[in-house]
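Undergrad: Sequence and computational prediction follow.
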Amino acid sequence: KKWLGPKSITGEYYRNKYYYPPQNHRPNYVVPDGKSVIEAGKPRGGPTSVAFGAEAPRRDPSLNPFPQNIYCKTNHMIPHELKEKICEDINENGLHIQEASNKYGISLERIEAILKLSTIEKEWSANSGESVCIN
């Protein structure tokens, strides 16, 4: 009950910053200080561990939804222009999906999703007669 904070008459937790939806396209993840979870100089195991006294790798809090799990990362957004270029390369230039995945450094599943969403967007715009943009 302490974590949620005080409740208003309408039943909302007005002082809890995690209660409301994120603003300015920044998630409300619980990030205690915004610094790296890995301490400098602490070995992480294996031959590729950080040398003693070396600077620990920095992390971007917006890409780590769970601050204590450094291995869970979200993907970056793909710009609309790049989506159009991928669709053009595959549909018009005859590039295979695997080649496009290798060329742009994007996983095969994301390329397939971009193509599927592009076809849905074209179908919607053909049916409604208006331009539909899915980002």
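TA: Alright, I've got the coordinates. Given the structure is predicted, the values throughout are model-derived calculations rather than measurements.
Undergrad: domain parsing for the protein?
TA: Domain assignment for the chain, taken from automatic domain parsing, gives 1-74, 80-128.
Undergrad: ok, of those domains, where does mean pLDDT dip lowest?
TA: With a mean of 61, domain 1-74 has the lowest mean pLDDT of the domains of the chain.
Undergrad: helices or strands up against the helix or strand that contains E121?
TA: Following DSSP states H and E, one finds E121 within helix 108-128. Applying 3 or more C-beta pairs under 8 Å, 6 or more residues apart in numbering; DSSP states H and E, we find helix 108-128 packed against helix 80-91, helix 97-104. The C-beta positions use only the backbone N, C-alpha and C, and glycine is treated the same way.
Undergrad: Okay, angle between it and helix 97-104 too, please.
TA: With axes from the mean of the first three to the mean of the last three C-alpha atoms, to 10 degrees applied, the angle from helix 108-128 to helix 97-104 works out at 110 degrees.
Undergrad: for helix 108-128, which positions count as buried?
TA: For helix 108-128, the neighbour count (16 or more other C-beta atoms under 10 Å) marks 111, 114-115, 118, 121 as buried.
Undergrad: Serialize the helices and strands packed on helix 108-128 to CSV and add fields for mean neighbour count and distance to N127.
TA: Shown next, in CSV, are the helices and strands packed on helix 108-128 (neighbours: other C-beta atoms under 10 Å; distance: least, C-beta to C-beta, whole Å):
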stretch, mean neighbour count, distance to N127
helix 80-91, 15, 19
helix 97-104, 14, 26
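Undergrad: May I see those helices organised as TSV, with distance to F66 added?
TA: Formatted as TSV, those follow (distance: least, C-beta to C-beta, whole Å):
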stretch	distance to F66
helix 80-91	28
helix 97-104	27
